[in-house]
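Quick one: sequence plus predicted model below, questions after.
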Amino acid sequence: MTTTTSPADARTLGLAHYAARAVLESVLTRHDLDFQQQIVLRPVALAAEPVDRARLTADTVAALKTGEDSITRTIDELITAGLVATDASEVRITDAGRALYERIVQETSAASARIWGDIPEEDLLATGRVLTLVTERANAELAATSGR
């Protein structure tokens, strides 16, 4: 594979995001899960204890830049599918949800290793710093334009 070097910009970031997302979605589709459902399921699966539903909703809204109603529907879909359960204001992973999450991680790990595995650590650290800065600036821009 030949890699050309060009400065990072919004297009490069977008192309990388959509390519990686397509890899993930190819796995999710086989398990009848969509991207947003996986994004909501992940923190619940990784939590050591039940997750506050309002916090899960707020964190996911902030991460995906989507509406609260959309995330509420997604949580309800996961409950209906038996992947998470709710007790009053908390959401917890079910055995079926944990098993599905672990299968997805297992299936995506090999692709992730092929995609990320031979990138030098110093390149990953620099990229992480740049992407964190871009995220912070984009969030600030979004907040500034939302208030207008």
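All right, it came through fine. For clarity, every value in this text was computed on a predicted model and none was experimentally measured.

Off-centre distance for the longest helix along the chain?
Ordering each helix of the chain by length in residues (DSSP state H) puts helix 121-146 first. On the basis of C-alpha atoms, centre = their mean, to the nearest Å, helix 121-146 sits 16 Å off its chain's mean C-alpha point.

just use 614 as the starting number from now, easier for me
Shifting the count to begin at 614 puts that one at helix 734-759.

Which helix or strand contains Thr618?
Assigned by DSSP states H and E, Thr618 falls within no helix or strand.

same check, this time on Ala632
Per DSSP H and E: helix 623-643 holds Ala632.

Specify the angle between that helix and helix 734-759 in degrees.
Relative orientation of helix 623-643 versus helix 734-759 (axes from the mean of the first three to the mean of the last three C-alpha atoms, to 10 degrees): 100 degrees.

how about helix 623-643: buried residues?
Leu637, Val640, Leu641 (16 or more other C-beta atoms under 10 Å). Glycine gets a C-beta too; all of them are placed from N, C-alpha and C.

The last one against Phe648, yeah?
Yes. Under the criterion of C-beta atoms under 8 Å, Leu641 makes contact with Phe648 at 6.5 Å.

quick one on the thing from earlier: what's next to the next helix or strand after the helix holding Ala632, contact-wise?
Sequence order places helix 648-659 as the next helix or strand after helix 623-643, per DSSP H and E. Applying C-beta atoms under 8 Å, 6 or more residues apart in numbering, the external contacts of helix 648-659 come out as 634, 637-638, 641, 646, 664, 669, 672-673, 676-677, 679, 683-684, 687-688, 690-691, 696-697, 704-706, 710-711, 713-715, 717.

what pLDDT, on average, does the helix holding Ala632 get?
Per-residue pLDDT values across helix 623-643 average out to 91.

cool, stretch 738-755 as well?
On average, stretch 738-755 scores 90.

Quick one, grab the pLDDT at the residue positioned nearest the centre of the chain.
Most central in the chain under C-alpha atoms, centre = their mean is Ile652, positioned 4.2 Å from the mean C-alpha point. We have a pLDDT of 95 for Ile652.

And it, how far from Val640?
Distance from Ile652 to Val640, counting by C-beta to C-beta, to the nearest Å: 14 Å.

Identify the contacts common to the two.
Contacts common to Ile652 and Val640, judged by C-beta under 8 Å, 6+ apart, are absent.
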